[in-house]
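**Q** sequence first, then the predicted structure, then my questions.
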Amino acid sequence: MSREPPSIRRINPPELGDPPGYSQIVDVSASRLVFIAGQTALDRDGNVVGKHDFGTQAEQVFENLGVALRSSGCTAANLVKLTVFLTDMDNLARYREARNRFFASVTPPAAPAVTLVEVSKLYGPDFLIEVEAIAAA
């Protein structure tokens with residue numbers, strides 16, 4: 001059975017400004033939504049990758065997100081919404097570097113709607129970042 005790709009329109013009205021690396025609005029017409037639980041810097045054996053290294057953790061989080069997407073037949077291009085939790089907003093630039101590498105893996109690079117918040121802690125004491133996602137297929 002052949003599936004039509006979802007219609008995903010990324011909209012940035014000039015009145016809302018030009019966002020860096022995300023879209024203000026994502027208008028989706030899809031037959032299926034995929035909800036991906038918050039991904040942390042755990043490897044396949046449940047070990048924390050990059051215990052005190054935000055950049056390494058961010059890379060692992062996006063690697064895990066890629067695995068979750070592929071297992072549901074999607075790629076980064078299917079992402080329509082991310083919610084990002086950082087324990088320290090001073091890591092914003094390193095988060096953006098990892099995010100940009102991840103989204104550069106598809107053509108054209110995707111730019112989902114994003115909510116990014118600083119939190120006092122995540123579920124594990126060694127986690128510095130967590131990302132949950134919604135994809136449309």
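**A** Cool, the structure landed.

**Q** which residue is nearest the middle of the protein?
**A** By CA atoms, centre = their mean, the chain has its centre lying nearest to L82, at 4.8 Å.

**Q** in the strand or helix carrying that residue, which residues are buried?
**A** According to DSSP states H and E, L82 maps onto strand 79-86. Along strand 79-86, these residues count as buried under the neighbour rule (16 or more other CB atoms under 10 Å): L79, V80, K81, L82, V84, F85, L86. Every C-beta, even on glycine, is put in place using the N, C-alpha and C of the backbone.

**Q** and the second one, what's its pLDDT?
**A** This points to V80. Listed pLDDT for V80 reads 96.

**Q** low-scoring stretches of the protein, by residue?
**A** Along the chain, segments meeting pLDDT under 70 span 1-6.

**Q** returning to what we had before: is it possible to get the buried residues of strand 79-86 out as a markdown table so that each row also shows distance to A68?
**A** Below are those laid out as a markdown table (distance: CB to CB, whole Å):
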| residue | distance to A68 |
| --- | --- |
| L79 | 10 |
| V80 | 14 |
| K81 | 14 |
| L82 | 12 |
| V84 | 15 |
| F85 | 16 |
| L86 | 20 |
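
**Q** and those residues, which two are furthest apart?
**A** Using CB to CB, these span at most 20.9 Å, a distance reached by V80 and L86.

**Q** just to revisit the earlier point, surely the residue nearest to the centre of the chain meets E130?
**A** No - counting by CB atoms under 8 Å, L82 does not reach E130; the two are 10.8 Å apart.

**Q** what's near enough to touch the residue nearest to the centre of the chain?
**A** By CB atoms under 8 Å, 6 or more residues apart in numbering, L82 lies in contact with Y22, P112, A113, V114, T115, V131, E132, A133, I134.
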